[in-house]
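Colleague: sharing a model prediction with you, sequence too.
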Protein chains: 2
Amino acid sequence: MISPYYTPTRVTFGENAEENVGKEIKRENAKCVLIHYGSSRTEKSGLLGKVRSLIEKEGIKTVCLGGVKPNPRLSLVRKGIELAKKEKVDFILALGGGSVIDSAKAIGYGLYNRNTDVWDIYDKKAEAEGCTPLGVILTLSATGSEMSDSSVITNEDGGLKRGYNNDKSRARFALLNPVLTYTVPRYQTEAGSVDIAMHTIERFFHAGEGISITDEIAGALVKNVFEKALICIDNPENYEARASLMWASSISHNGLMAVGNDQRGDWACHNMEHELSGMFDIAHGAGLAILFPHWSRYVYKENPERFALLGKLVFGIEEKGEEGALKTIEAFENVFRALEMPLSLKDAGISVSDEQIDEMVWKATLGHRRTLGAFKMLSDDDMRAIFKAAR
Amino acid sequence: MISPYYTPTRVTFGENAEENVGKEIKRENAKCVLIHYGSSRTEKSGLLGKVRSLIEKEGIKTVCLGGVKPNPRLSLVRKGIELAKKEKVDFILALGGGSVIDSAKAIGYGLYNRNTDVWDIYDKKAEAEGCTPLGVILTLSATGSEMSDSSVITNEDGGLKRGYNNDKSRARFALLNPVLTYTVPRYQTEAGSVDIAMHTIERFFHAGEGISITDEIAGALVKNVFEKALICIDNPENYEARASLMWASSISHNGLMAVGNDQRGDWACHNMEHELSGMFDIAHGAGLAILFPHWSRYVYKENPERFALLGKLVFGIEEKGEEGALKTIEAFENVFRALEMPLSLKDAGISVSDEQIDEMVWKATLGHRRTLGAFKMLSDDDMRAIFKAAR
């Protein structure tokens, strides 16, 4: 019946927020910073050079490691750990979106826990005792990793995608300038918005008692995310829409949306999606858009009123019970369609065999070392049925 | 255009949350804790004894100082500082509501800044370099001091009430058990709820650009607070209502409701109310219920749409412009009336002379050392007119 809430990240929100980076890192008494980033877009736009010089102006050394890809890879994490050890890095700056932040967190775990293999932490075979401190300049609104305790890494050896949560990895600071997301491509903005909304929705579908203020804030957030994501399709440089999406990304996954709930949420869609995008080339948000409506149709009878309440808060649906639940699920399908998301694996150009479904189910349960779901606990057969419905 | 957000307080929310107190203080490496509290209710209920033994079980010494009153007094703060110095206190536990927490913060400032008179900090003549660390067990939902950077102290010498904001005073932890508020008297619950709502409303009335997600979360919060406060009138032991009010109290004043706004809010009502309850015996929330509608009628023409938007989000008012603004103000008056609040000074049994109004205006501006208001900056004449309308 106890829920914790802990968000120590110092946030600076608004235009040019990234210009505080030197000051923020100096406050952390860092001597050598690893700047971790993804695409050449960060280099070409001049952002990397600007950030580097802001840090060096404070008399702090920098080393750079780019090349982070979506679904960040263990191999680059290992490379980062070696580089950071060699250069005596004592602070990591993630300059990018969720993949970059997650990769930075994994490097931080590897650097701090020198006698533990970093993959063992993600594979739930070892616990991290700490994490090298890190900060974030966010350039993509989606995963909420900038304020969350979580990160997800993909081990290319076997296509395993694993998440790990630990307060020690929460960023010391997050510099949130919505303008830096103006150039995020349309599809990435759309898929990212689904991810943002789903971080709240996963928490909304806890099984136990909760409090209405958290439900109502959750509803306001999801409603806002869909409205703003739709605006960004035609107006990628709309400051207010980009700003609301950016802040939604942070608070959707920092714990706010679970306060007062006696559980941390359902998370079956997220965990099943991790196997999907671990095995196939699909954006996380697109995978969630496929799975959530199919999961919903499979589980809603556990508590139709909960679905109807979400529909009322997000879409203004007045119907109650089963009718309200089904209207809510349809409304989600409609908004995902408007956001150009696939609604089936076929829509996404993915063909999945029964054997591949069995493999995903096995992996999602970590080989039966955990169960999935809280709103409804899923058996292997349940997961198979949901994956098959989604084909 | 930059807004900061920093809420490092480690929250534990739910039934029996206070039982974590020993563990939380041990984590802070404290050797001697000052337990600061208010009424004999805390002693008689057994809560003080329970908390004391939970702390001492961890091998940590405790000293107690009770007697904090609403509008906490400087004299008790000074007494607390002397006691804490003598006993070598290194951690302060506030066991109570906002007055206790504010008094604890003031003691923390006095203890940390040994060469500064603590009143100079509140009178804006000196800046605090730090604050002795403190934690909170909350027993009353109202001020939000459990997660905020602010505290308000009354100097009996001259009836001066002064607020001071500093991140250094943010609580290390807050243990939020809604059950502890079941015994809060009806009137205090009602007045406290108005204070909770007003912390969000003050921030809603900034003058510049803001972001819609913050507006919409603000609307959801205020709507919920009024609904739950009305439930508590007849059902003081409704867990869900008490829990929503408690969490609303914390997030209404921790900074969340200002993210993305290019200003920190208006705060004229709060600052004028501080003079009112500094001079007369009136609950802070009741003073706000009197002043807000009168302030609103005086200033709404600056931006009627902003009032109409608040009315839409909180009360579902569909009218726009001036009509929407006026309906919104009426709706606030109605809900305050339903919460048994006074709507004028006369309602509250207070008679105020012109000279007293002049004195409050002079004090509210710190003798013309600051201006009041952001949505509309108020001249002395504006403040006089609002106080007179409220008579």
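Modeller: Sure, I can see it.
Colleague: need the contact partners of stretch A:354-374.
Modeller: With C-beta atoms under 8 Å, 6 or more residues apart in numbering or on different chains as the test, stretch A:354-374 has contacts from A:123-124, A:160, A:205-207, A:263-268, A:271-272, A:274-276, A:278-279, A:299, A:377-378, A:380, A:382-384, A:387-388. Placement of C-beta: from N, CA and C, glycine included.
Colleague: mind checking the pLDDT average for that stretch?
Modeller: On average, the pLDDT along stretch A:354-374 is 93.
Colleague: same deal with stretch A:10-22?
Modeller: Mean pLDDT, stretch A:10-22: 97.
Colleague: do the same with stretch A:331-348
Modeller: Mean pLDDT, computed over stretch A:331-348, is 98.
Colleague: quick one: buried residues of that stretch?
Modeller: Applying a neighbour-count criterion of 16 or more other C-beta atoms under 10 Å in any protein chain shown, the buried positions in stretch A:331-348 are A:Ala331, A:Phe332, A:Glu333, A:Val335, A:Phe336, A:Leu339, A:Met341, A:Pro342, A:Leu343, A:Leu345, A:Ala348.
Colleague: and the residue nearest to the second one when sequence neighbours are not counted, what does it touch?
Modeller: This points to A:Phe332. Distances taken as C-beta to C-beta, 6 or more residues apart in numbering or on different chains put A:Pro293 closest to A:Phe332, at 5.7 Å, once the chain neighbours are dropped. A:Pro293 is in contact with A:Ile329, A:Phe332, A:Glu333, A:Phe336, A:Leu343, counting by C-beta under 8 Å, 6+ apart.
Colleague: and for A:Gly67?
Modeller: By C-beta under 8 Å, 6+ apart, the contact set of A:Gly67 is A:Gly38, A:Leu76.
Colleague: the one 4 residues further on too?
Modeller: For A:Asn71, the contacting residues are A:Ser99, A:Val152, A:Thr154, A:Lys161, A:Ser277, A:Gly278, A:His284, by C-beta under 8 Å, 6+ apart.
Colleague: which SS class is A:Glu146?
Modeller: Look at A:Glu146: counting by DSSP: H, G, I helix; E, B strand; the rest coil, its state is coil.
Colleague: can you give me the helices in the stretch 251-391 of chain A?
Modeller: A:268-279, A:284-299, A:304-315, A:321-338, A:354-364, A:380-389 (DSSP state H, counting those that start in this stretch).
Colleague: B:Ala229: which of those is closest?
Modeller: helix A:304-315 (20.4 Å; C-beta to C-beta).
Colleague: roughly how far out does that closest one sit from the chain middle?
Modeller: Centroid separation for helix A:304-315 versus its chain: 23 Å, with C-alpha atoms, centre = their mean, to the nearest Å.
Colleague: report the buried residues of it.
Modeller: Buried residues in helix A:304-315, counted by 16+ other C-beta under 10 Å: A:Pro304, A:Arg306, A:Phe307, A:Ala308, A:Leu309, A:Leu310, A:Gly311, A:Lys312, A:Leu313, A:Val314, A:Phe315.
Colleague: is it anywhere near chain B?
Modeller: No: applying C-beta under 8 Å from any C-beta of the partner chain, one finds helix A:304-315 separated from chain B by no less than 8.6 Å.
Colleague: hmm, who's touching that helix?
Modeller: With contacts defined as C-beta under 8 Å, 6+ apart, helix A:304-315 is touched by A:201, A:204-205, A:215-216, A:218-220, A:222-223, A:226, A:296, A:300, A:317-325, A:327-329, A:331, A:375.
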